[in-house]
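# Build the 3D model from these lines:
(one chain, ligands or ions: 1)
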Amino acid sequence: MYQDPMDPPVHASPPAHSTTTVERGSFCIARCACGWSGPARRSRDRARTDAEEHGSAPDR
Ligand SMILES: [Zn+2]
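Down below sits the predicted model:
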């Protein structure tokens, strides 16, 4: 089986993690454009921290 030694640069740019926080009742949830969503948090600060941790993760 022939295998190309070099992977073609299909994904030249890193995935854009555009995170937002949505409020649902008294909870706040972090969401990302890639489809990820964090756990429901009581405080918006916690949700924002979740979003930042997700956005800074190397591969999520
Ligand atoms: Zn993401």
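
# which sections of this structure are below the confidence cut-off?
Across the chain, the ranges flagged by pLDDT under 70 are 1-2, 7-15, 57-60.

# Now do the helices in it.
With DSSP state H as the criterion, the chain has helices at 44-56.

# Quick check: residues of it near the ion?
Residues of the chain lying close to the ion (C-beta under 5 Å from the ion) are His17, Cys32, Cys34, Trp36. (Each C-beta comes from the backbone N, C-alpha and C, glycine too.)

# what do you get if the cut-off is 6 Å, keeping everything else the same?
His17, Cys32, Cys34, Trp36, His54 (C-beta under 6 Å from the ion).

# Kindly indicate which of these lies nearest Arg48.
His54 (10.7 Å; C-beta to C-beta).

# Tell me, how many residues neighbour that closest one?
18 (other C-beta atoms under 10 Å).

# List the contacts of it.
By C-beta atoms under 8 Å, 6 or more residues apart in numbering, His54 lies in contact with His17, Thr19, Ala30, Cys32, Trp36, Gly38, Arg60.

# List buried residues within the residues you listed.
Buried by 16 or more other C-beta atoms under 10 Å: His17, Thr19, Ala30, Cys32, Trp36, Gly38, out of the contacts of His54.

# got the phi/psi numbers for Gly25?
Main-chain dihedrals, Gly25, degrees, to the nearest 10: phi 70, psi -130.

# And it, how far from the ion?
According to C-beta to the ion, to the nearest Å, Gly25 and the ion sit 24 Å apart.
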